[in-house]
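**Q** based on what follows, work out the 3D shape:
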Amino acid sequence: MRIVASCAALVAAGLAFCGVDVARAESAAETDAHVLLFSGFDLWRGGSFANGGLLYSPDGLSRDGFTLKLMLGAGTYRYMSGTTEISGRQYVASFLPGWRFKQDGLEVTVFAGTDVQQHNLSPDDLGNRLRGFNVGMRGGFDLWFEPVPATMMLTASLSASTIGTNLWARAAAGVRTFDLVWLGPEAIACGDENYRQFRFGLHATGLRTDAFEWSLGAGWGTDNDHRSGPYGRIGVLMRR
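**A** Numbers count the residues shown, from 1 in each chain. Alright, predicted model coming up:
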């Protein structure tokens, strides 16, 4: 019997805990902001996930220094245990202190802290060690780099949890288009010792409407449960 939570859970948790692509601030108010509020939704044939949270930087989001990430999320997923399809509901929360490093178009934020998850399975899967309530540790980083300022960007995120010993990673590149949004390809990989999923698609990052900044992603995903299909995600953030 496979001991695994569907990568719908792993991907969504990864997108929530990491992957908050924060494009450069464009106004004095944004540059002086200390709090970034974010939320998002992820959907593919294996499940769905919604999350919300915040980043708090007492010295400002545009400066080096201490950063705290808080996140809450919930979602659904499906996976095969032998010949039985299991439906799961996942609830997650995280408290992640970290530190931001900034220099010449490069921003790296490193996090590590407490990871809390609740998995309810139907029918119950005794072989899934994620079932029930779990407390563990999560670590990761977010990277944003503009090798050609305001023209080209590279971003990468990594998130790993001791709950289920799972790993999630994303990399993307983009070109500033019409001075409105970053457009380009993205790749996502995740899994544990038993399960793997890969996603390839396109993203649009940093589209601004009033006080909000939007990100979108869509493409094709496949896993080692022999399931393939489209995925989509949407995120929004606001600086305060």
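**Q** alpha carbons only for contacts and neighbour counts from here, please
**A** Will do.
**Q** show me where pLDDT drops low in the chain?
**A** Residues of the chain meeting the criterion pLDDT under 70: 1-30, 193.
**Q** buried sites along stretch 141-157?
**A** Neighbour counts over stretch 141-157 (16 or more other Cα atoms under 10 Å) mark 141-146, 152-157 as buried.
**Q** report the two of those separated the most.
**A** Using Cα to Cα, the buried residues of stretch 141-157 span at most 20.5 Å, a distance reached by F141 and M152.
**Q** mind checking the longest strand of the protein?
**A** The single longest strand within the chain, with elements called by DSSP state E, is strand 84-103.
**Q** tell me which residues touch G235, please.
**A** With contact set as Cα atoms under 8 Å, 6 or more residues apart in numbering, G235 has these partners: 38-41, 214-216.
**Q** tell me which of the residues you listed is nearest to P58?
**A** The nearest member of these to P58, counting by Cα to Cα, is F38 at 17.3 Å.
**Q** sorry, back to before: who does the longest strand of the chain pair up with?
**A** Here strand 84-103 is paired, per DSSP bridges, with strand 65-81 (antiparallel), strand 106-122 (antiparallel).
**Q** still on that earlier bit, which of the buried residues of stretch 141-157 fall in strands?
**A** Using DSSP E, those in strands are 141-146, 152-157.
**Q** for these, which one is nearest L55?
**A** Checking these one by one against L55 (Cα to Cα), the nearest turns out to be D142, at 12.3 Å.
**Q** what's the nearest residue to the closest one if we skip its chain neighbours?
**A** By the measure of Cα to Cα, 6 or more residues apart in numbering, the closest residue to D142 outside its immediate chain neighbours is S157, 4.5 Å from it.
**Q** pretty sure that neighbour contacts E186?
**A** No. If you go by Cα atoms under 8 Å, S157 and E186 don't touch, sitting 11.3 Å apart.
**Q** okay, and the common contacts of these two?
**A** Counting by Cα under 8 Å, 6+ apart, the residues touching both S157 and E186 are 170-171.
**Q** neighbours around D64, how many?
**A** D64 has 17 neighbours, counted by other Cα atoms under 10 Å.
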